[in-house]
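> Pasting the sequence and the predicted coordinates here, then a few questions.
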Amino acid sequence: MFEQLTELVKQFGGDAVVNNPAVPNEHNEAVMEEAGGSILSGLKDMVASGNIGDLAGLLSGKTPIDMNNPVVQELTGKVTGNLGEKFGLSSEAAGSVAGGLIPQILGGLINKAQDPNQPGFNISDLISSISGGNGGGLMDAVSKYGSQFGLDQDGDGQVGMSDAISAVTKKSGGLGGLLGKLFGGK
């Protein structure tokens with residue numbers, strides 16, 4: 001996933017970094033690398049801290065990718081702080097870079113992950129990357145037994161990542177409802 005993220009940072013870094021007079025030209029490449037690394041570590045931190053609901057909403061495409069999105073807000077804070085600390089950018093300049101990059105990069109990642117013409121990169125890969133590969137146990141169990149417990153959210157006869165994301169992001173039930181159905185609750 002880091003390669004896709006780096007590609008998107010370069011793609012969208014023109015206006016937010018290269019054409020930004022507050023970012024010295026000699027720091028353009030390093031600022032873009034730091035922004036990409038901060039976004040990836042921020043996503044991993046969210047998973048580690050259990051912030052799955054906001055992340056699932058983002059990945060499912062059900063929440064807008066703008067500055068009102070809690071994932072975008074958290075990542076913007078992280079990137080802004082890191083750019084200010086490492087490159088001496090003012091909070092306004094660092095915030096401008098973060099605000100210009102993060103929504104576009106997240107949108108690009110999600111579009112690539114949902115695009116069937118992007119071989120080798122999908123929502124499962126994205127989640128595996130940000131969860132450190134530790135999301136597999138639950139997903140394996142859900143895939144194996146989920147249809148028996150009514151977890152096939154999209155009615156395709158299979159229980160996969162899209163079903164898990166759908167179940168987690170629904171207003172009624174959420175992750176607790178998913179686990180309850182999986183382990184025999186009502």
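Right, received. Where do you want to start?
> State the number of residues packed around residue 19.
A count of neighbours around residue 19, defined by other C-beta atoms under 10 Å, yields 11. Heads up, the C-betas are built off the backbone N, CA and C, glycines and all.
> Against residue 93, how distant is it?
Residue 19 sits 13 Å away from residue 93, taking C-beta to C-beta, to the nearest Å as the criterion.
> Residue 78 too?
When C-beta to C-beta is the yardstick, residue 78 and residue 93 sit 16 Å from each other.
> One more: residue 48?
Taken as C-beta to C-beta, the spacing of residue 48 relative to residue 93 amounts to 29 Å.
> Same question for residue 68.
As for residue 68, its distance to residue 93 is 22 Å (criterion: C-beta to C-beta).
> Comparing those two, which shows the higher neighbour count?
Ranked by neighbour count (other C-beta under 10 Å), residue 68 and residue 93 place residue 93 first, with 19 against 9.
> Using CSV, write down the CA coordinates of the longest helix along the chain.
As far as residue count goes, and with DSSP state H defining each element, the longest helix of the chain is helix 91-114. Output in CSV follows, covering the C-alpha atoms of helix 91-114 (Å, rounded to 0.1, in the frame of the first residue of the first chain):
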residue,chain,number,x,y,z
SER,A,91,0.9,25.7,11.6
GLU,A,92,-0.9,27.6,8.8
ALA,A,93,1.6,26.4,6.1
ALA,A,94,1.6,22.8,7.5
GLY,A,95,-2.2,22.8,7.8
SER,A,96,-2.5,24.1,4.2
VAL,A,97,-0.3,21.2,3.0
ALA,A,98,-2.3,18.6,5.0
GLY,A,99,-5.7,20.0,4.0
GLY,A,100,-4.7,20.0,0.4
LEU,A,101,-3.3,16.5,0.4
ILE,A,102,-5.3,14.3,2.7
PRO,A,103,-8.8,14.4,1.3
GLN,A,104,-7.4,13.9,-2.3
ILE,A,105,-5.1,11.1,-1.2
LEU,A,106,-7.8,9.2,0.8
GLY,A,107,-10.2,9.6,-2.1
GLY,A,108,-7.6,8.3,-4.5
LEU,A,109,-6.8,5.3,-2.2
ILE,A,110,-10.5,4.4,-1.9
ASN,A,111,-11.1,4.8,-5.6
LYS,A,112,-8.1,2.6,-6.4
ALA,A,113,-9.2,0.0,-3.8
GLN,A,114,-12.7,-0.2,-5.2
